[in-house]
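Engineer: fold the stuff below for me.
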Amino acid sequence: MSHGQLLVQRAFEFTTSSKITDLLPVETTDTNVCQNGPGTCFRVGDVRANSFPQLNAVHTLWVKVHNRIAEELNKEKIFWTDEELFLEAKKIVTACIQHITYNEWLPALLGVNYTKENGLGLGQRTKYDETADPTVSNSFATAILPFANSMIKTDIFTLKLSVRYLNIDGTIKKNYNKPRLLANFTEDWYDKIGIQTMLMGLTAQASQKVDMHFTQSSADRLLKLYKTWNDIDLLVGALLEKHADDAMVGPTMRCIIREQFVRTRIADRYFYDVPGVFTDYQLENIKRVTLARVICDNAYPLLMTPQVFLRPADYVDSAHLCDSTLIPKMTFNGWFDKLEDNYFGVN
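Structural biologist: Numbering: from 1, shown residues only. Okay, here's the model as predicted:
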């Protein structure tokens, strides 16, 4: 680790922009489970990140975010140690993920009005409740959160810088536990298959609906599990419910998700908008962050849709240049100016 940054590998130095080639380190231990043999998994905190190339691309993206933020902080605090820069960068990355989750993902999933009216809306700073239970409920973790599996598409969808679709021999099944697809570069970096084209593809590809319409292979497996409707568990029952108004899920699933994320927020003493965690100036900058901006700043596409969780009818017409004011930027200039007495940062 140097200047608070996480270890990455620079693959294919001959590319036009070495920043684009930052990848996670290769895992070389005996626990490597990837299908192409030793050296084909990436080293990551959650081994499941190696299951799908798209999931690994997202993990890689946030490592790049951390390193970029640490670099910016080092300009403001040139005498800070690696540990100080690392901890402050980690804190900011956590805040960005929290803001994107509550400001973009939950409204898209549960409905805009529902999130505003049921304790999930943003605006006023969060009031910490020391009596709230911060644990993750069993029903949420084991029966509800896996709902996302029903949204997974069969094919891997990639998009070039020129907003042209990139054809690859790519299905989830063929590339399961084969994350090295991210490092499948050609000498023409515009034609590579990597984190950039993978992330752009994710923003352009519509997910499957949250329902019981799984891929055929998944449906075949479920048929072996449930002999009668009496055996159906919470997840399956929740997936069968009709979606509530503008939500992507039914009322039971929406209620359980809402309850979990309300507690996760108010029971966290260091949630990003709790007073004292960030200064007003810092919080104002964090609230500019969108997933579109994160991808623009760290995967370097030319174009991006401002709301990546909502797929537009026409992707090309809805995409904007990454320097557009419609995709706000976060700045670190003066990040540590006018620190408040109750600031929790590494000061």
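Engineer: next SSE downstream of the strand or helix carrying Glu71?
Structural biologist: Using DSSP states H and E, Glu71 maps to helix 53-76. Tracing the chain past helix 53-76, the next element assigned as helix or strand by DSSP H and E is helix 82-100.
Engineer: can you dump the C-alpha atoms of that following helix in CSV for me?
Structural biologist: What follows is helix 82-100, C-alpha atoms only, in CSV (Å, rounded to 0.1, in the frame of the first residue of the first chain):
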residue,chain,number,x,y,z
ASP,A,82,-0.4,5.7,4.5
GLU,A,83,-2.8,4.5,7.2
GLU,A,84,-4.3,8.0,7.7
LEU,A,85,-4.9,8.4,4.0
PHE,A,86,-6.3,4.8,3.7
LEU,A,87,-8.8,5.3,6.6
GLU,A,88,-10.0,8.6,5.3
ALA,A,89,-10.4,7.3,1.8
LYS,A,90,-12.2,4.2,3.1
LYS,A,91,-14.6,6.5,5.0
ILE,A,92,-15.4,8.6,1.9
VAL,A,93,-15.9,5.5,-0.3
THR,A,94,-18.3,4.1,2.3
ALA,A,95,-20.2,7.3,2.3
CYS,A,96,-20.4,7.3,-1.5
ILE,A,97,-21.8,3.8,-1.5
GLN,A,98,-24.3,4.7,1.2
HIS,A,99,-25.5,7.8,-0.7
ILE,A,100,-25.9,5.9,-4.0
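Engineer: the helix or strand just after it - what's its average pLDDT?
Structural biologist: Using DSSP H and E, the helix or strand that follows helix 82-100 in sequence is helix 106-110. Helix 106-110 shows an average pLDDT of 95 in the prediction.
Engineer: export the following helix or strand past helix 106-110 to PDB, keeping only CA atoms.
Structural biologist: Counting by DSSP H and E, the next helix or strand C-terminal to helix 106-110 is helix 112-117. Coordinates of the C-alpha atoms in helix 112-117 are reproduced here as PDB (Å, rounded to 0.1, in the frame of the first residue of the first chain):
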ATOM      1  CA  VAL A 112     -39.700   7.200  -5.300                       C
ATOM      2  CA  ASN A 113     -42.700   8.200  -3.200                       C
ATOM      3  CA  TYR A 114     -42.500   5.200  -1.000                       C
ATOM      4  CA  THR A 115     -38.900   5.800   0.000                       C
ATOM      5  CA  LYS A 116     -39.600   9.500   0.800                       C
ATOM      6  CA  GLU A 117     -42.600   8.700   2.900                       C
END
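Engineer: ok now the helix holding Glu71, how far from the chain's centre?
Structural biologist: 12 Å (Cα atoms, centre = their mean, to the nearest Å).
Engineer: CA atoms only for it - export them in PDB, please.
Structural biologist: Provided in PDB are the C-alpha atoms of helix 53-76 (Å, rounded to 0.1, in the frame of the first residue of the first chain):
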ATOM      1  CA  PRO A  53     -17.200 -11.000 -14.700                       C
ATOM      2  CA  GLN A  54     -19.700  -8.200 -14.200                       C
ATOM      3  CA  LEU A  55     -19.600  -8.600 -10.400                       C
ATOM      4  CA  ASN A  56     -15.800  -8.500 -10.500                       C
ATOM      5  CA  ALA A  57     -15.900  -5.400 -12.600                       C
ATOM      6  CA  VAL A  58     -18.000  -3.600  -9.900                       C
ATOM      7  CA  HIS A  59     -15.500  -4.700  -7.200                       C
ATOM      8  CA  THR A  60     -12.700  -3.500  -9.300                       C
ATOM      9  CA  LEU A  61     -14.500  -0.200  -9.900                       C
ATOM     10  CA  TRP A  62     -14.700   0.600  -6.100                       C
ATOM     11  CA  VAL A  63     -11.000  -0.300  -5.600                       C
ATOM     12  CA  LYS A  64     -10.200   2.300  -8.300                       C
ATOM     13  CA  VAL A  65     -12.500   4.800  -6.500                       C
ATOM     14  CA  HIS A  66     -10.600   4.300  -3.300                       C
ATOM     15  CA  ASN A  67      -7.200   4.800  -4.900                       C
ATOM     16  CA  ARG A  68      -8.400   7.900  -6.800                       C
ATOM     17  CA  ILE A  69      -9.800   9.400  -3.600                       C
ATOM     18  CA  ALA A  70      -6.600   8.500  -1.600                       C
ATOM     19  CA  GLU A  71      -4.600  10.300  -4.400                       C
ATOM     20  CA  GLU A  72      -6.700  13.400  -4.100                       C
ATOM     21  CA  LEU A  73      -6.500  13.400  -0.300                       C
ATOM     22  CA  ASN A  74      -2.700  13.100  -0.500                       C
ATOM     23  CA  LYS A  75      -2.700  16.500  -2.300                       C
ATOM     24  CA  GLU A  76      -4.400  18.100   0.600                       C
END
